[in-house]
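**Student:** Just to be clear, the model below is a prediction. Sequence and coordinates:
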Amino acid sequence: MAPAAVEPYDAIESAVVGVMFEMCFGAPGAGDDALYAQMMEMLHAMRSVMPAVQSVDIMPWLAPLLRAPLRHYTDSLLHSHLLTTRKTTSIINAGVPDQPTCAVHALHQAGKSEHADDSLRARIMATVDDFIGAGSEIVVHFLHWAILYAAKYPDAVQQRVRDEIRRTVGWTAAPVAADRARMPYTDACLWEIMRHACVTPMTLPHAAVSDAVIAGHSVPAGTIVFANLYSTGWDPEIWDDPDAFRPERFLTPGGHQLDRQALGQFMCFGAGRRRCPGAQFGTMEMFIFFVVLMQRCAFSAAPGHELSTDDANFVLTNQAKRYHVLVQPAAHDDDKAI
């Protein structure tokens, strides 16, 4: 019987958020299944009204017209924060070991510094909210794009990445962060998917802290500013043939190393002091998930279904529209790295 086509988004989201949940709170315990379900419900509720929130970010005068979705977003955000606060408090009250076993333990120890007041401790612990919410958002949508690109470009993505996996980590070993340095093509593939899909087309809103003049335009202090990150990956003056999907553009001549100069021109996480603080952790998580998928699965278009990387929905991140692919066990020519 031919395999049935599947829509992978829900499985991706469940896996990524589950990993973040366990990283923050440790091994699941009694009641955690219900808590996880509630957290997912809150994330979905916030995402459902995000277009309205973004509209108000750009056009604040719309706020009176969008009171209902804004209230829905705020209520969901507060409920989510209450859930994480209760879980965090219960973990700390149970006793924090000298060797942390989860992010809550480590953050609590950091907040016990003699220089840390209650306000600082509260901000440190609020990091848990960011891990589960913002920390999963880009990873989920990158992986959803990555499977689409793998099915659409089997030679450039699946075959060449698997060749590199065979030469390095092999088929059975779990990839670790240190493997990334010896897998330049896989790393380049990750960045080219981020660029070509434009996963992060613009920054979150910032504000000018002082009067400024940029390219002849006056920007008064307090002006809400959005950086156009799309332009950093699609400017034809910087990227040769930006419409083409070509991971090699992020490699040095010969393909043995990641091209740091090219990577520096692609500011998908922002730049400077306001660069996304979770960029390093997020890309490491994307790399590990991506390698595991390529180790275990082969993706292909379902008969009669044409895959397109041109269709997307912009909701905080650029999200691939739902699609169906065939998923089968990856075929390996050996079971050892050489």
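**Tutor:** Arrived safely.

**Student:** Can you list the helices and strands that the lowest-mean-pLDDT helix or strand in the chain packs against?
**Tutor:** In the chain, the helix or strand scored least confidently by mean pLDDT, DSSP states H and E is helix 118-125, which has a mean of 70. For helix 118-125, the elements it packs on are helix 103-111, judged by 3 or more CB pairs under 8 Å, 6 or more residues apart in numbering; DSSP states H and E. Yep, even glycine has a C-beta here, placed from its N, CA and C like the rest.

**Student:** Can you pull the poorly scored residue ranges out of the stretch 151-300 of the chain?
**Tutor:** Scanning the stretch 151-300 of the chain for pLDDT under 70 picks out nothing.

**Student:** what about the strands in it?
**Tutor:** If DSSP state E, counting those that start in this stretch is used as the criterion, the strands of the stretch 151-300 of the chain fall at 206-207, 212-214, 217-219, 224-225, 297-301.

**Student:** any idea which of those is most buried?
**Tutor:** Comparing the strands of the stretch 151-300 of the chain by mean neighbour count (mean count of other CB atoms under 10 Å), strand 297-301 ranks first with a mean of 19.

**Student:** Could I get the CA-only coordinates of it as CSV?
**Tutor:** The C-alpha atoms that make up strand 297-301 are tabulated as CSV, following Å, rounded to 0.1, in the frame of the first residue of the first chain:
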residue,chain,number,x,y,z
CYS,A,297,13.0,10.5,7.1
ALA,A,298,12.7,10.9,3.3
PHE,A,299,10.2,13.5,2.1
SER,A,300,8.6,13.8,-1.3
ALA,A,301,5.7,15.4,-3.0
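
**Student:** And for that strand, what's in contact with it?
**Tutor:** Residues from elsewhere that reach strand 297-301 (CB atoms under 8 Å, 6 or more residues apart in numbering): 147, 150-152, 154, 158, 307, 325-331.

**Student:** What pairs with that strand, parallel or antiparallel?
**Tutor:** Counting by DSSP bridges, the strands paired with strand 297-301 are strand 325-329 (antiparallel).

**Student:** ok, and for the strand it pairs with, which residues are buried?
**Tutor:** In terms of neighbour count (16 or more other CB atoms under 10 Å), strand 325-329 has its buried residues at 325-327.
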